[in-house]
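**Student:** what shape does this take:
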Amino acid sequence: MIKSLLLLLLTFSSCSKEDKSIEMLNSDYILVIPQNGCPGCIDKGIEFAQGYVDKACLTIVLSKISNLRNLKIKFGYNNIVSSNVYLDTLGRFHNQIEGYPKFYYGNEIIELDNSSLEKYKDLEKILADCM
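**Tutor:** Coordinates of the predicted model:
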């Protein structure tokens, strides 16, 4: 249901050169990381996501982008252009994400704020087949 909602939101917007195609979001696992909000939460989300760049099983959405240049430096220039990384330059995910990362799979949502940093171990288990 969540995945369907995210895909529906994307179909009502056009794609820019920075935005990947909406077909890419047809993924079992989606990690959405905002670029503003809780700094520690965002840093942990980016660090986790960097381990899954070029892994087809996980779509990484970088949202609420305030400074694309800084994001490229922080996430990595080569990582930004990876096939499973989506730059939400049009703000399609702004209403679905607060100031911390969220992980979507099936009908489940795992909120990754400071109180739940241990949940990254759970994500590693969920994505174990991805490695």
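
**Student:** low-confidence stretches in this protein?
**Tutor:** By pLDDT under 70, the weakly predicted segments of the chain are 1-25, 116-117, 131.

**Student:** contacting residues around Lys64?
**Tutor:** 34-37, 88, 91, 93-94, 97 (CB atoms under 8 Å, 6 or more residues apart in numbering). C-betas here are computed from N, CA, C, even on glycine.

**Student:** let's see that with 6 Å instead.
**Tutor:** Lys64 makes contacts with 34-36, as judged by CB atoms under 6 Å, 6 or more residues apart in numbering.

**Student:** can you pick the most crowded of those residues?
**Tutor:** In terms of neighbours by other CB atoms under 10 Å, those top out with Pro34 at 25 neighbours.

**Student:** re the thing from before, let me know the closest of the contacts of Lys64 to Asn70.
**Tutor:** Using CB to CB, Gln35 comes nearest to Asn70 of the contacts of Lys64, at 8.2 Å.

**Student:** wait, what's in contact with Phe48?
**Tutor:** Contacts of Phe48 by CB under 6 Å, 6+ apart are Tyr120.

**Student:** distance-wise, check it relative to Glu124.
**Tutor:** Look at Phe48 and Glu124: by CB to CB, to the nearest Å, they are 8 Å apart.

**Student:** returning to that earlier point: of the contacts of Lys64, which belong to strands?
**Tutor:** Pro34 (DSSP state E).

**Student:** Arg69: which of the contacts of Lys64 is nearest?
**Tutor:** Out of the contacts of Lys64, the member with the shortest distance to Arg69 (by CB to CB) is Gln35, at 11.6 Å.

**Student:** quick one, phi psi at the closest one?
**Tutor:** phi -100, psi 0 (degrees, to the nearest 10).

**Student:** grab the nearest non-local neighbour of Leu112.
**Tutor:** Sequence neighbours aside, Pro101 is the residue nearest to Leu112 in space, at 4.2 Å (criterion: CB to CB, 6 or more residues apart in numbering).

**Student:** what sits against the one you found?
**Tutor:** Pro101 makes contact with 33, 45, 112, according to CB under 6 Å, 6+ apart.

**Student:** picking that back up, want to throw the contacts of Lys64 into JSON lines with distance to Asn70?
**Tutor:** Shown next, in JSON lines, are the contacts of Lys64 (distance: CB to CB, whole Å):
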{"residue": "Pro34", "distance to Asn70": "14"}
{"residue": "Gln35", "distance to Asn70": "8"}
{"residue": "Asn36", "distance to Asn70": "11"}
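
**Student:** alright, calling it a day.
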